[in-house]
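**Q** Sequence first, predicted coordinates after that:
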Amino acid sequence: MTRIKCCGMTRVEDAVLAAELGADAVGLIFTARSRRRVDVDQARAIARALPPMVTTVALFMDEDAAFVDEVIASVQPGLLQFHGAERDDWCAQFGRPYLKAVAMGEGDHALPRLRAFPGAAGLVLDGHGLGEAGGSGKAFDWSLTPRELARPVILAGGLHAGNVADAIRVVRPWGVDVSSGIESAPGIKDPSRLAAFVAAVRAADATHV
Ligand SMILES: O=C(O)c1ccccc1NCC(=O)[C@H](O)[C@H](O)COP(=O)(O)O
């Protein structure tokens, strides 16, 4: 079964709906570089509203360690996600499981970075260029994804209900991560796009067993 992470949540009702529809994780973005940024109070309200067994993912991009610690203490996320130039040992200092995003926008040139995070719980392969923010809605060439990677792959970048089945067929990822493909505006999730996305993933799982 392909795990589903819905990222860039800013409203309690969107996060709860995602969980009810079957999302396994919701992402809360703390970097100032995002149009989907939440503050700690908003994030805590969203995290507390989620039912059990849905993971809260706290996402950072080159923030100070002290700020990451503050978010961990207030929000108690189940997973951290680092989206910037953070190194593996820096990500590991918080003693929490983490995902590391790798920008796949440069094609082949990105491949060495996929081996640089042995401590990560998983790698988020995203479609934007190096140094750029996520949530871009850009897909990358999925066929570049190596078959054998030491860490589980979470496929991201430009996914939506209309292309996620193809993406799953080509990459066979552990999970998929979506933001703009389920939105009506940045940070505002669209219930029908969200439902269609989850249904498309589950249909792909049933087809590609
Ligand atoms: O979504 C953002 O605004 C964002 C900004 C800065 C760093 C990361 C960000 N998002 C990370 C995610 O996990 C997104 O879900 C991922 O990039 C996929 O986004 P999309 O292409 O819009 O589906």
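**A** Structure's in. What do you need?

**Q** Going by C-alpha atoms from here, please, whenever you check contacts or count neighbours.
**A** OK.

**Q** buried set for stretch 202-209?
**A** 202, 204-205 (16 or more other CA atoms under 10 Å).

**Q** Check the gap between the residue most central in space within the chain and the ligand for me.
**A** Closest residue to the average C-alpha location of the chain: residue 177 at 4.4 Å, with CA atoms, centre = their mean. As judged by CA to the nearest ligand atom, to the nearest Å, residue 177 and the ligand stand 5 Å apart.

**Q** Make sure that residue is actually in contact with residue 156.
**A** Yes - the criterion here is CA atoms under 8 Å, and residue 177 meets it with residue 156 at 4.8 Å.

**Q** Determine the residues that are contacts of both of those two.
**A** Counting by CA atoms under 8 Å, 6 or more residues apart in numbering, the residues touching both residue 177 and residue 156 are residue 124.

**Q** one step back: pairing partners for the helix or strand encompassing the residue nearest to the centre of the chain, with directions?
**A** According to DSSP states H and E, residue 177 maps onto strand 175-178. As defined by DSSP bridges, the strand partners of strand 175-178 come to strand 3-6 (parallel), strand 153-156 (parallel).

**Q** Mind checking the pLDDT average for stretch 5-14?
**A** Per-residue pLDDT over stretch 5-14 has a mean of 98.

**Q** and for it, what are the contacting residues?
**A** Residues contacting stretch 5-14 (CA under 8 Å, 6+ apart): 15, 18, 23-29, 36-38, 42-43, 45-46, 49, 135, 175-179, 187-189, 191.

**Q** just how off-centre is that stretch within its chain?
**A** The chain centre lies 11 Å from the centre of stretch 5-14; the measure is CA atoms, centre = their mean, to the nearest Å.

**Q** Identify each buried residue in it, please.
**A** Buried-residue list, stretch 5-14, by 16+ other CA under 10 Å: 5-12, 14.

**Q** Residue 141: what's it in contact with?
**A** residue 107.

**Q** element containing residue 42, please.
**A** Assigned by DSSP H and E, residue 42 belongs to helix 40-49.

**Q** Past that helix, which element shows up next along the chain?
**A** Where DSSP H and E defines the elements, the next helix or strand beyond helix 40-49 is strand 55-60.

**Q** what's the spacing between the helix or strand immediately after that following strand in the chain and its chain's center?
**A** Downstream of strand 55-60, the next assigned helix or strand under DSSP H and E is helix 65-75. Taking CA atoms, centre = their mean, one finds the center of helix 65-75 at 19 Å from the center of the full chain.

**Q** Is residue 117 located within a helix, as I assumed?
**A** No - assessed with DSSP: H, G, I helix; E, B strand; the rest coil, residue 117 is coil; it does not lie in a helix.

**Q** what does whichever helix in the chain runs longest rub up against?
**A** For the chain, the helix that runs over the most residues, judged by DSSP state H, is helix 191-207. The contact list for helix 191-207 (CA under 8 Å, 6+ apart) reads 1-2, 4, 14, 17-18, 21-23, 160-162, 164-165, 168-169, 181-183.

**Q** Sweet, I'm off.
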